[in-house]
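K.L.:
Here is my input, please return the structure:
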Amino acid sequence: MTGHKGSCHCGAIMFEIDAEIVEFTTCDCSLCAMRNAVMTRVHESQLTILQGDDRLTLYRWNTGVARHYFCRDCGIYIFHRKRAMPDHYGVNAFCLHDLDRSRIPVRATDGKDMTVATTGAQTHWPGPRVDPPAAG
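P.N.:
The predicted model follows:
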């Protein structure tokens with residue numbers, strides 16, 4: 001089944017994904033682990049914000065490549081643009097409505113081994129450290 005609707009907790013942000021959900025993923029990077037994220041991956045063309053794009057707030061950390069979006073009113077993590085696949089979103093499985101999550105397999109993915117840029121890195125962020133490119 002495609003055409004899954006979802007929202008944040010307060011309903012300020014509503015969205016739809018036009019994709020078959022075949023699996024959920026977890027990630028053990030420091031951010032996903034702390035928010036206990038369970039996600040489904042969709043191509044950027046399969047995610048449509050129906051209302052509330054002005055209520056989205058953005059969080060970027062470390063390399064700044066991944067973009068994590070939250071509702072500025074209720075604080076719920078809704079989706080993020082993926083670092084490893086920048087043309088895809090990871091969508092919070094628990095924001096999707098009318099979906100029997102118990103029937104969808106969950107696969108663990110490795111995030112703790114992604115590189116961390118040394119500048120500004122918190123000590124509790126796992127991952128090999130790399131120096132940022134020199135300013136040119």
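K.L.:
what residue ranges in this protein score low on pLDDT?
P.N.:
1, 109-130, 132-136 (pLDDT under 70).
K.L.:
residue ranges of the helices in it, please?
P.N.:
Remark: helices assigned in the chain by DSSP state H are 30-35.
K.L.:
Can you show me the strands along it?
P.N.:
With DSSP state E, the ranges of strands along the chain come out as 4-7, 14-17, 24-27, 39-43, 47-51, 56-59, 67-71, 77-81, 88-92, 106-109, 116-117, 129-130.
K.L.:
Between those, which one is closest to Leu99.
P.N.:
Closest approach to Leu99 among the strands of the chain is made by strand 4-7 (6.1 Å; CB to CB). The C-beta positions use only the backbone N, C-alpha and C, and glycine is treated the same way.
K.L.:
The residue positioned nearest the centre of the chain and Asp98, how far apart?
P.N.:
What sits nearest the mean C-alpha location of the chain, by CA atoms, centre = their mean, is His80, with 3.1 Å. Noted for His80: a distance of 23 Å to Asp98, by CB to CB, to the nearest Å.
K.L.:
so what's Ile49 closest to, chain neighbours aside?
P.N.:
Phe15 (5.0 Å; CB to CB, 6 or more residues apart in numbering).
K.L.:
ok, that neighbour - contacts?
P.N.:
5-7, 47-50, 78-79, 91, 95 (CB atoms under 8 Å, 6 or more residues apart in numbering).
K.L.:
Who does it form a beta bridge with?
P.N.:
Gly6, Ile49 (DSSP bridges).
K.L.:
rewinding a little: ok, the residue nearest to the centre of the chain - contacts?
P.N.:
The contact partners of His80, by CB under 8 Å, 6+ apart, come to 39, 66-69, 89-90.
K.L.:
from those, which single one is nearest Arg60?
P.N.:
Looking at those and their distance to Arg60, the nearest is Arg67, at 5.9 Å (CB to CB).
K.L.:
Surely that closest one is in contact with Leu56?
P.N.:
No: the criterion here is CB atoms under 8 Å, and Arg67 misses it with Leu56 at 10.0 Å.
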